[in-house]
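K.L.:
predicted model, plus sequence, below.
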Amino acid sequence: MKFCPYAERTRLVLAAKNIPHEVVNINLKQKPEWYVAKHADGKVPALELDNHFVPESLVTCNLLEQLYPEPALYPADPWAKARDQFMVEQFSAVSGTMYQMYRASGDAEKIKELSDTFNKKIQPFEEELIRRGTPFYHGDRPGMLDLMIWPWMERFPAARKLGVTTLPEGEVPPPPPSIKNLHEWVMRMTQHPDVKKCLIATEHHMKFIMSSKTGKPDYDMEGV
Ligand SMILES: N[C@@H](CCC(=O)N[C@@H](CS)C(=O)NCC(=O)O)C(=O)O
C-alpha cells in the first residue's frame with residue numbers, strides 16, 4: 001500500500017542501505033489471499049527474504065539493520081541507540097494525534113484541541129534536535145530515528161492543510177515558530193537522496209487522505 005507510512009519506513013531503510021528489493025503493493029480493502037495466508041493480521045509492511053516472512057515496520061527495519069549493517073543507522077553507543085529507540089516510541093503519540101486530525105477535518109473546535117495536543121507532543125523532537133546540534137538526529141545523514149519518524153512529518157503539511165479548512169486552495173500554513181528547527185530538518189530530509197527515493201508529494205497525500213475519508217482509498221492514484 002503505497003501511502004502507508006509504516007511501509008514507507010521499511011522502504012526508507014531499504015533505500016538508505018541501497019538494498020536491491022522488489023516492492024509488492026497490496027490493496028488493503030481487498031487483501032490478497034496469499035498475503036493473509038502468510039500474515040493473518042493482514043497489515044503492511046512485511047518483508048520476505050530467504051523463506052522468512054517478517055511483518056511490523058520496526059521489526060523489519062531493525063532486522064535490515066542487522067542483516068545489512070552498512071551504513072549503520074543506529075549509533076554504535078548502546079545508550080545513544082536506546083535513546084533513539086525511546087524517541088521512536090514517543091513518536092507514536094504524535095502520529096496518533098495526526099490520524100485524529102485527518103478524521104476531524106471540518107470540526108474547528110476538535111482541530112484546535114488536537115493541534116494543541118500535537119504541539120505538545122512534537123516539542124520534545126524540536127528540543128532533541130537542538131540538544132544534538134546536528135543537521136539530522138543521526139548526525140550528518142539520516143539514521144533510524146530520522147527515518148522512523150519521517151513518514152508522518154512528510155504528511156504533516158497535508159494534515160495541517162486539511163485541518164485548517166479556511167485556507168485558500170493550494171496554500172500551506174507556515175510552521176509554528178515553536179518547531180523552527182524541526183521545520184529546517186524537514187527541509188533537509190526532503191532534499192536528501194535516500195528520502196527523495198520514497199517521497200510522495202503533499203497534493204497526493206491530500207488526495208489519498210480525502211479518498212480514504214469517503215471509504216474508497218485511491219490506492220492506485222495516477223502519478224504516484
Ligand atoms: N504496527 C504496524 C502498523 C501497520 C499498519 O497499521 N498498517 C496499515 C496501513 S497504513 C494496515 O496494514 N492496515 C490494514 C489493516 O489494519 O487491516 C507496523 O508498525 O507495521
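P.N.:
Noted; the coordinates are in hand.

K.L.:
what residues are up against L12?
P.N.:
147, 150-151, 194-195, 198 (Cβ atoms under 8 Å, 6 or more residues apart in numbering). Just so you know, the C-beta spots here come from the backbone N, C-alpha and C atoms, and that holds for glycine as well.

K.L.:
just send those back as CSV, with pLDDT and distance to G139 too.
P.N.:
Below are these laid out as CSV (pLDDT from 0 to 100; distance: Cβ to Cβ, whole Å):
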residue, pLDDT, distance to G139
L147, 98, 13
W150, 98, 16
P151, 97, 21
D194, 95, 14
V195, 98, 15
C198, 97, 20
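
K.L.:
spell out which parts of the protein neighbour the ligand.
P.N.:
Counting by Cβ under 6 Å from any ligand atom, the chain comes close to the ligand at 1, 4, 6, 28, 42-45, 56-58.

K.L.:
dump the contacts of L12 into TSV; add neighbour count and secondary structure as well.
P.N.:
Formatted as TSV, the contacts of L12 follow (neighbours: other Cβ atoms under 10 Å; DSSP: H, G, I helix; E, B strand; the rest coil):
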residue	neighbour count	secondary structure
L147	28	helix
W150	24	helix
P151	21	helix
D194	20	helix
V195	20	helix
C198	22	coil
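
K.L.:
now for those: which two are most distant?
P.N.:
P151 and D194 (13.2 Å; Cβ to Cβ).

K.L.:
rewinding a little: just the residues of the chain next to the ligand: which are in strands?
P.N.:
Counting by DSSP state E, no part of those is found in strands.

K.L.:
helices of the protein, start to end?
P.N.:
Remark: helices assigned in the chain by DSSP state H are 5-16, 33-38, 57-67, 78-104, 108-132, 144-154, 156-163, 180-191, 193-196, 202-213.

K.L.:
tell me the angle of the helix or strand bottoming out on mean pLDDT in the chain relative to helix 78-104?
P.N.:
Sorted by mean pLDDT, DSSP states H and E, the helices and strands of the chain end with helix 156-163, the least confident at a mean of 78. For helix 156-163 against helix 78-104, the angle by axes from the mean of the first three to the mean of the last three Cα atoms, to 10 degrees is 30 degrees.

K.L.:
who are the contact partners of S178?
P.N.:
Contacts here follow Cβ under 8 Å, 6+ apart; on that basis S178 touches 119, 123, 126.

K.L.:
which among those end up buried?
P.N.:
Neighbour-count burial within the contacts of S178 applies to E126; the criterion is 16 or more other Cβ atoms under 10 Å.

K.L.:
dump the contacts of S178 to JSON lines, plus pLDDT.
P.N.:
Output for the contacts of S178, formatted as JSON lines (pLDDT from 0 to 100):
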{"residue": "N119", "pLDDT": "88"}
{"residue": "Q123", "pLDDT": "95"}
{"residue": "E126", "pLDDT": "96"}
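
K.L.:
what about K31, neighbour count?
P.N.:
Residues contacting K31 under the criterion other Cβ atoms under 10 Å number 15.

K.L.:
that one touches D41, doesn't it?
P.N.:
No. Counting by Cβ atoms under 8 Å, K31 sits too far from D41 to count as a contact (10.1 Å).
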